[in-house]
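J.: Below are the sequence and a predicted model; questions follow.
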Amino acid sequence: MTEPFRLPPSVSRLPNLRRLESLDIRGVRLGLAAIDAVCERMGRPERRVPGILIAGTNGKGSTAATLASIAAAAGLRTGLYTSPHLIAATERIRLGSEDVSPEQLEASLAAVFAAADQAPDVPLTYFEAITAAAFDCFARNGVELAVLEVGMGGRHDATNVAPARMSLVTSIAFDHMADLGNTLESIAREKAGVFRPNCPALIWAEAPEARRALENAAGSVGARLHQVDCEVHIDSEQTSLAGTRFRLQTPVRGYALATPLPGVHQARNASLAVRAGELLEEQDSRFDAAAMTAGVAAVRWPGRLERFRVGGSTILLDGCHNVEGAEALARFLKLTGLRGDLIFGAMADKEIEAIGAILLPGVARVCFTAAGGGRAVPPEELSRRLRGLAPDAVTAGS
């Protein structure tokens with residue numbers, strides 16, 4: 001049996017944080033009705049802080065964290081909202097470079113639940129409750145710019161209740177097909193739901209059908225489209241466990257950039273964030289070259305090829321959970337010549353065979369295991385489904 005997840009003591013003793021965790025059983029609900037009603041009762045905190053929405057299949061968290069780091073380097077009081085968390089819910093909300101404290105999140109959740117409990121009560125999901133809490137926390141703390149990572153899709157995601165001065169779509173690939181559709185075109189249309197009239201819409205879409213859908217969506221709402229993959233040029237990429245260095249040429253200037261995030265895909269994510277910063281620079285001169293360079297260099301984003309030393313060994317932790325993410329991880333391992341052992345677990349709604357076919361041939365030994373929680377595939381099932389790729393794999397209970 002896997003160990004049940006336990007909140008850190010500083011979190012578990014707080015009643016509203018305990019109530020938040022209890023909402024996890026409600027699962028996912030796409031739609032804006034509930035969060036819109038709660039935000040209205042709270043006095044519209046999401047409208048009191050300028051926001052940027054970042055959607056996409058992969059790379060949206062890295063891009064959001066990098067853009068928030070750039071804004072902080074430019075001297076703005078910056079908020080960052082991301083999901084999911086690795087250990088504790090407080091990771092999802094940052095004020096500047098620091099995760100929100102349990103006490104700050106508790107206070108904002110108290111306001112959310114007080115609004116939701118008014119008659120008629122509004123039942124919230126976990127994601128709706130913590131998204132509303134992020135809005136409240138940013139408003140309470142005088143944040144000047146909130147960078148909001150979209151959870152799933154875009155059009156019906158709870159974050160989309162917020163007005164946005166700019167929207168980004170980082171990539172379009174197959175994931176969450178049951179909710180977003182089975183074609184890249186349908187997935188792109190859902191993610192394009194974050195576009196706003198007369199506001200910049202930055203995209204990086206390589207598949208023609210996804211690009212067309214994003215272009216059409218931007219045109220239909222009157223967003224100002226920027227096809228960033230056509231606007232910038234990335235050169236001299238060098239990646240290692242220490243991070244990624246590259247040169248970037250944009251319509252504004254050239255940069256020599258270094259991000260601590262490993263993988264050549266992080267050059268693309270950082271380039272999107274820099275291009276967004278340049279568009280912000282048109283109204284705010286603090287977003288200058290120095291802020292771009294410093295922000296890219298200072299980004300903190302755990303769980304993405306994150307390196308640890310344990311018992312004399314190097315451990316890499318990566319949260320790739322779809323085919324595109326697995327391809328990025330496999331590409332990094334090939335480029336760096338790393339061939340280690342793989343500890344592999346997956347949730348039941350993922351393309352396990354396709355991900356396994358990408359990752360397993362490039363490693364030495366394989367151990368199948370499972371994270372805590374009801375959605376994790378048991379290690380014995382992983383072993384059965386992927387036996388042809390890893391006949392000598394072993395299993396571990398946790």
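T.: On my side now, so go ahead.

J.: show me where the stretch 51-200 of the chain has helices.
T.: 60-73, 102-116, 126-140, 177-180, 184-191 (DSSP state H, counting those that start in this stretch).

J.: Output those in JSON lines, with distance to Ala242 appended to each entry.
T.: Heads up, the C-betas are built off the backbone N, CA and C, glycines and all. Shown next, in JSON lines, are those (distance: least, Cβ to Cβ, whole Å):
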{"stretch": "helix 60-73", "distance to Ala242": "16"}
{"stretch": "helix 102-116", "distance to Ala242": "32"}
{"stretch": "helix 126-140", "distance to Ala242": "32"}
{"stretch": "helix 177-180", "distance to Ala242": "35"}
{"stretch": "helix 184-191", "distance to Ala242": "32"}
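
J.: weakest of those helices in terms of mean pLDDT?
T.: Comparing mean pLDDT across those, the weakest is helix 177-180, with a mean of 65.

J.: nearest spatial neighbour of Arg275, skipping sequence neighbours?
T.: Val228 (5.0 Å; Cβ to Cβ, 6 or more residues apart in numbering).

J.: Can you get me a residue count around the nearest residue to Asn198 once chain neighbours are set aside?
T.: Excluding the flanking residues, the one nearest Asn198 by Cβ to Cβ, 6+ apart is Gly222, at 6.0 Å. The number of residues packed around Gly222, counting by other Cβ atoms under 10 Å, is 12.

J.: Which one of the helices of the stretch 51-200 of the chain lies nearest to Leu342?
T.: For the helices of the stretch 51-200 of the chain, the distance to Leu342 is smallest for helix 60-73, at 21.9 Å, taking Cβ to Cβ.

J.: The closest one - contacts with which helices or strands?
T.: If contacts are counted by 3 or more Cβ pairs under 8 Å, 6 or more residues apart in numbering; DSSP states H and E, helix 60-73 sits against strand 51-55, strand 78-81, strand 145-149, strand 166-169, helix 265-281, helix 289-298.

J.: could I get these as TSV with mean pLDDT and distance to Thr244?
T.: Shown next, in TSV, are the helices and strands packed on helix 60-73 (pLDDT from 0 to 100; distance: least, Cβ to Cβ, whole Å):
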stretch	mean pLDDT	distance to Thr244
strand 51-55	97	19
strand 78-81	98	20
strand 145-149	98	20
strand 166-169	98	19
helix 265-281	97	5
helix 289-298	98	10
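
J.: Scan the helices and strands of the protein for the one with the lowest mean pLDDT.
T.: helix 9-12 (a mean of 57; mean pLDDT, DSSP states H and E).

J.: quick check: angle from the helix or strand immediately after that helix in the chain to helix 126-140?
T.: Next along the chain after helix 9-12, taking DSSP states H and E as the criterion, comes helix 15-22. In terms of direction (axes from the mean of the first three to the mean of the last three Cα atoms, to 10 degrees), helix 15-22 departs from helix 126-140 by 150 degrees.

J.: next SSE after helix 15-22?
T.: helix 33-41.

J.: now this structure, which segments are flagged as low pLDDT?
T.: Within the chain, the stretches with pLDDT under 70 are 1-12, 175-179, 181.

J.: nearest to Val310, of the helices of the stretch 51-200 of the chain?
T.: Val310 sits nearest to helix 60-73 of all the helices of the stretch 51-200 of the chain, at 23.9 Å, using Cβ to Cβ.

J.: Using CSV, list the CA coordinates for that closest one.
T.: Taking Å, rounded to 0.1, in the frame of the first residue of the first chain, the C-alpha atoms of helix 60-73 are listed here in CSV:
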residue,chain,number,x,y,z
LYS,A,60,2.9,27.1,-19.2
GLY,A,61,4.2,26.7,-15.6
SER,A,62,7.8,27.3,-16.6
THR,A,63,6.7,30.3,-18.7
ALA,A,64,4.5,31.7,-16.0
ALA,A,65,7.3,31.4,-13.4
THR,A,66,9.8,33.0,-15.7
LEU,A,67,7.5,35.9,-16.6
ALA,A,68,6.8,36.5,-12.9
SER,A,69,10.5,36.4,-12.2
ILE,A,70,11.1,39.0,-14.9
ALA,A,71,8.3,41.2,-13.5
ALA,A,72,9.9,41.0,-10.0
ALA,A,73,13.3,41.8,-11.5
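
J.: Now do it against strand 145-149, angle only.
T.: For helix 60-73 against strand 145-149, the angle by the same axes, to 10 degrees is 170 degrees.

J.: angle of helix 60-73 against helix 289-298?
T.: Using the same axes, to 10 degrees, helix 60-73 lies at 130 degrees relative to helix 289-298.

J.: Check the offset of helix 60-73 from the chain's centre.
T.: Here helix 60-73 is found 11 Å from its chain centre; the criterion is Cα atoms, centre = their mean, to the nearest Å.

J.: do the same with stretch 201-208
T.: 17 Å.

J.: For it, measure first residue to last.
T.: 17 Å (Cα to Cα, to the nearest Å).

J.: can you check stretch 279-291 too?
T.: Across stretch 279-291, the terminal residues are separated by 13 Å (Cα to Cα).

J.: same deal with stretch 31-47?
T.: The straight-line separation of the ends of stretch 31-47 (Cα to Cα) is 18 Å.

J.: Name the residues that touch it?
T.: Identification of contacts with stretch 31-47 by Cβ atoms under 8 Å, 6 or more residues apart in numbering yields 111-112, 115-116, 118, 122-125, 128, 131-132, 135-136, 138-140, 156, 158, 160-163.

J.: for stretch 221-239, same thing?
T.: Residues external to stretch 221-239 that are found in contact with it (Cβ under 8 Å, 6+ apart): 167, 195-206, 211, 214-215, 217-219, 244-251, 262-264, 266-268, 271-272, 275, 279, 332, 335-336.

J.: Would you mark the buried spots in it?
T.: Within stretch 221-239, the residues scored as buried using 16 or more other Cβ atoms under 10 Å are 223, 226-229, 231-232, 234, 237, 239.

J.: Which two among those residues are spaced furthest apart?
T.: Maximum distance among the buried residues of stretch 221-239 (Cβ to Cβ): 32.6 Å, for Ala223 and Thr239.
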